[in-house]
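Colleague: Let's see this in three dimensions:
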Amino acid sequence: MLLVKLTTLRKLDASVIKRIAAAVCLTGFGFIANAQDNSPYSRYGLGDEISSSSATSRGMGGVSAAYNSYSSVNYANPASYAFFLSITEPGTRKQLQGRAILDIGIEGTGHTLIDKSQQARFTSSNLIFNRISLGIPLRRNWGMALGLRPLNRISYKIQNTSGPLRDENTGEAIDSATTVFEGSGGTYLASLGTGVKFALAKNHYLSLGVNGGYLFGSKDYARRRSLYNDSTAYALGTWDSRTSMGGIYADAGLQYQGKMSDKLFLGIGVYGNWQQKINTNVAYTASATNSATGTTEIIDSSGFKSTLTYPTNLTAGFILQKAQTQTEAGWLLGADFTTTNWQNYRENNLPDTAVASNWKLKIGAEFSPVTKRNYLSQMYYRIGFFTGPDYIKLRGQQLPLYGVTAGVGLPLANYNQQARGQATMINLGLEYIKRGNSSSPLQENMYRVTLGFSLTDMWFGKRRNGDR
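Modeller: From the prediction side, this is the model:
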């Protein structure tokens, strides 16, 4: 919220941290193309959902509806942009300085799949780009943010070795076959948003915000079948389905923040998106590869243009915060409730029977101790959990989903006397997520680490007499 502590130590040049963060971000982009995930449930819908929350919020179970901060960009609710720090000229509304925020994030995920029917376990891991965003206070009570973040991810590879296949027409046995199912892709959002804050009364504010942008991505599915026989060399059959998508996307939100007492503040937030149409371009290809020569022949190729219906989403929540002082610790407690109307999801004007409307409850807390000389007292400590049914539905049942989270905020020192307004924070979020149960075809355990770099500086200020 608005009262987040800003610790500006002076032992390390923040420009070094910026260069490190930029390198890490570029590394994250590189890993997108070389990911090693294997999550079979990402086959359905738009794939595995990626939270829009920052590393700060992820450490608190994903609580974000009422959250705002001087030191991070809350993409989830654009109304939070209005609370970016702005210093005005006394007696006027003219902005002297504002704290600009550069947020960079990457995440690493480890998957463990448990197949009880086969008494087998499969593991995979991945490192991907999580977000890059820039938040700018434009005037007092008015801010904007722009950036790029992933929304969904598809990544799986499954091999099925079966007994003799049967002819669809005669029912006669053919030969044994190995079939590989493989998928990749995901969706991304490039967005620009703004938020405006209004005073309702002394120390009571209401802010409204909106994000607009371009949602784009792809869904690439492939099925490769090879028959094997002691005396006959069969061709490898491949069936590819490639869907590219792109279209305008928008969401909106509001936040209320009020001072309940000298040290207690209440925040309430609501955000979401309405149902939207995204253009798609679908291409199907069937081919055969000669096992002896390696040449590939296209058997069939077709394509068409259509649309994808992105469903309505709504989140509401609150945050109760006790302000930190020089002699007293501070704390924050919050909760969010989210619903998404996946039953209205359509792809090529057809419903997806593997998805269903779902909800999620998120609860989180943050503790900031009294600042002392030791570094541990200058850190933020976070914890949270979330629960609710997944939006994936298999065999008529929605998969149960829950997770526990923890995180820390690590302020870094600024030893650059030429840029005394700089403040740098590394936020670390840890999540354990369980998907499915003993009755599910597969249980999936995920361990996710989110690393966020929050680089802030005072901008727009003019040098005054006496400044060095």
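
Colleague: shouldn't G421 be in contact with M458?
Modeller: Yes. G421 lies in contact with M458 (Cβ atoms under 8 Å); the separation is 3.1 Å. Glycine gets a C-beta too; all of them are placed from N, C-alpha and C.

Colleague: Need the overlap of contacts for these two.
Modeller: Taking Cβ atoms under 8 Å, 6 or more residues apart in numbering as the contact criterion, the common neighbours of G421 and M458 are Q97, R99.

Colleague: shaky segments in the stretch 301-450 of the chain?
Modeller: Across the stretch 301-450 of the chain, the stretches falling below the confidence threshold (pLDDT under 70) are 415-419.

Colleague: On the three-state scheme, the spatially most central residue of the chain is what?
Modeller: Nearest to the mean C-alpha position of the chain, counting by Cα atoms, centre = their mean, stands S51 at 3.0 Å. In three-state terms, and counting by DSSP: H, G, I helix; E, B strand; the rest coil, S51 is coil.

Colleague: For it, list the residues it contacts.
Modeller: Contacts here follow Cβ under 8 Å, 6+ apart; on that basis S51 touches S57, R58, G62.

Colleague: Excluding covalently adjacent residues, which one is nearest to the second one?
Modeller: Ranked by Cβ to Cβ, 6 or more residues apart in numbering and with sequence neighbours excluded, the top spatial neighbour of R58 is G429, at 3.6 Å.

Colleague: Run through the bridge partners of the one you found.
Modeller: On the basis of DSSP bridges, G429 is bridged to G407, T450.

Colleague: Next: the one 4 residues further on.
Modeller: Here I433 shows beta-bridge partners G403, M446, assigned using DSSP bridges.

Colleague: separation between it and Y188?
Modeller: Distance from I433 to Y188, counting by Cβ to Cβ, to the nearest Å: 22 Å.

Colleague: from the contacts of S51, which is closest to N445?
Modeller: In terms of Cβ to Cβ, no member of those lies closer to N445 than R58, at 17.3 Å.

Colleague: Now for G388, which secondary structure element holds it?
Modeller: Taking DSSP states H and E as the definition, one finds G388 inside strand 380-394.

Colleague: again, but for T56
Modeller: In the assignment (DSSP H and E), T56 maps to helix 55-58.

Colleague: quick one: strands adjacent to whichever helix or strand comes after that helix?
Modeller: Scanning the chain past helix 55-58 towards its C-terminal end, the next helix or strand to appear is strand 86-88 (assignment: DSSP H and E). Listed by DSSP bridges, the sheet partners of strand 86-88 and their directions read strand 95-115 (antiparallel).

Colleague: Quick check: mean pLDDT of the partner strand?
Modeller: The average pLDDT within strand 95-115 is 87.

Colleague: Return the set of buried residues in the helix or strand that it is followed by.
Modeller: Reading on from strand 95-115 to the C-terminus, the next helix or strand found by DSSP H and E is strand 120-139. Within strand 120-139, the residues that count as buried by 16 or more other Cβ atoms under 10 Å are 124, 126-133, 135-138.

Colleague: tell me the pLDDT at S226?
Modeller: On pLDDT, S226 comes in at 82.

Colleague: same check, this time on L165
Modeller: At L165, the pLDDT value in this model is 72.

Colleague: Just give the nearest non-adjacent residue to it, would you?
Modeller: I174 (4.6 Å).

Colleague: Next: G247.
Modeller: Leaving out its chain neighbours, G247 is closest to I278 (Cβ to Cβ, 6+ apart), at 3.7 Å.

Colleague: hang on, isn't the one you found packed against Y310?
Modeller: Yes. A contact is recorded between I278 and Y310 when judged using Cβ under 8 Å, the distance being 5.7 Å.

Colleague: list residues touching both of these two?
Modeller: Contact criterion Cβ under 8 Å, 6+ apart; residues bridging I278 and Y310 by contacting each: L215, Y249.

Colleague: Tell me what the residue nearest to G247 is bridged to.
Modeller: Once the bridges are assigned, which here means DSSP bridges, I278 pairs with L308.

Colleague: quick one: contacts for it?
Modeller: In this structure, I278 makes contact with L215, M245, G246, G247, Y249, T307, L308, T309, Y310, judged by Cβ under 8 Å, 6+ apart.

Colleague: Nearest to D300, out of those residues: which one, please.
Modeller: Closest to D300, out of all of the contacts of I278 and judged by Cβ to Cβ, is M245, at 22.8 Å.

Colleague: Fine by me, we can end here.
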